[in-house]
Structure formats: C-alpha cells, structure tokens
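Undergrad: Here is my input; please provide its structure:
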Amino acid sequence: MTQRAAIPRGDCLRTLISEDRIQARIREMGAQISRDYAGKQLHLICILKGASMFLADLLRYLELDVSIDFIALSSYKKGSTTTGEVQLTKDLDFPLDGRDVLIVEDILDTGLTLNYLYHLLLSRSPRSLKIVTLLDKPSRRVQPVSVDYVGFEIPDAFVVGYGLDYGEQYRQLPEVCVLETSEGVLK
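TA: Residues are numbered from 1 along each chain as shown. Predicted structure coming up:
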C-alpha cells in the first residue's frame, strides 16, 4: 500500500488498489461476463450509490445487449458499522420476470445486504440471477452469499474511493484506499 498525503479533514488515505489495477480487472471481468452471456440480453441492477462507478466502467467492457436499473438499500446509518437491518430505500423501475439479471455491487462485507437483495430479486421470477462485486471482504462475512464474479479480495479494513464512501465523502477517488481517521483505522 502506498502512503497518500493527508486530506483536509485530517483523515489519511493509503492506496490499497490502484486505478490501473481496478480498470484491468474490470476489463477481465467484462470479457468473462460477455462470454458467459453471449447471445443473451443482460439486465444489470446497480446497488446505489457505491456501485455506480463500477457499473459505469463495467458497462464499457461488456459486449452484450444490456439494460440497467438501480436499487438502493441501507444497513449503515452514516457510519462505518452496519446496523444489521436492511432497508429498501429505492426500488427497481422495471420488472424482472424472465430476465437474465446480474446484481452489480461495490463491496461484499457481512453479506446481510446482498443476501437480502438476492432473495428479494429471486422472488420476482428472473430467468437467472447472478452477482458481480468489485470487492470481497470474506473475513467479515456473517451471512453466506454465493458470488459469481469477484474483482478483488481485500483485508478487513475500512475502504473508500471508487464509489465507496465514509459519510458521503471520498467516492470520487479513482482508486480504493484504506481510510485512517483521527480515531485510527476504521473496520
């Protein structure tokens, strides 16, 4: 991990995954997904807000007929730890009946949110339902979740950047960074 300069609010960021590595891995994942869904129309469901950057870049590498939709869930209350309760804050705009669906997630942590969403969407009768996540933090898993495409497995550290936030900050960073606050490293 490369040390980055402290940022104005007094936090410190250390690069965990560079922009170049992220883009190379997303290109590989896009090629694999394109092969797996060749000849099919794929419906991507982006989990807001964090996965939006990942979705935008993944779309560029898919050689498929695709459509997209957005859903928002929350289990974090403007902090760094989950409440354990998942709330649907924005539902889909389109039905899933008979569609090949791929959930696009930024980070798989405890598994509570993704497990909830997977079963919610499965109840809506898609033809197939799979999951792609940019980051996987298996050491924090509470609820098992089967993921079909994983970008990077990461250690148990609180990460920001590339769509991931802390208090709605740092989403714009082009790389994934470990966040250290004045209280230390978050988990």
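
Undergrad: Contacts only, for Val86.
TA: By C-beta atoms under 8 Å, 6 or more residues apart in numbering, Val86 lies in contact with Leu73, Ser74, Ser75, Leu112, Thr113, Tyr116, Leu117. Where you see a C-beta, it was placed from the backbone N, CA and C, and this is true even at glycine.

Undergrad: Can you report phi and psi for it?
TA: Dihedral pair for Val86: phi -100, psi 130, per degrees, to the nearest 10.

Undergrad: Any figure for the gap between it and Cys46?
TA: Going from Val86 to Cys46 by C-beta to C-beta, to the nearest Å gives 17 Å.

Undergrad: got it, and Phe152?
TA: Phe152 sits 18 Å away from Cys46, going by C-beta to C-beta.

Undergrad: between those two, which one's more packed in?
TA: In terms of neighbours (other C-beta atoms under 10 Å), Cys46 is the more surrounded of Phe152 and Cys46; the figures are 25 against 16.

Undergrad: now the helices for the chain?
TA: Applying DSSP state H to the chain gives helices spanning 19-36, 52-60, 112-122.

Undergrad: tell me, what residue is most central in the chain?
TA: The residue lying closest to the centre of the chain (C-alpha atoms, centre = their mean) is Asp106, at 1.0 Å.
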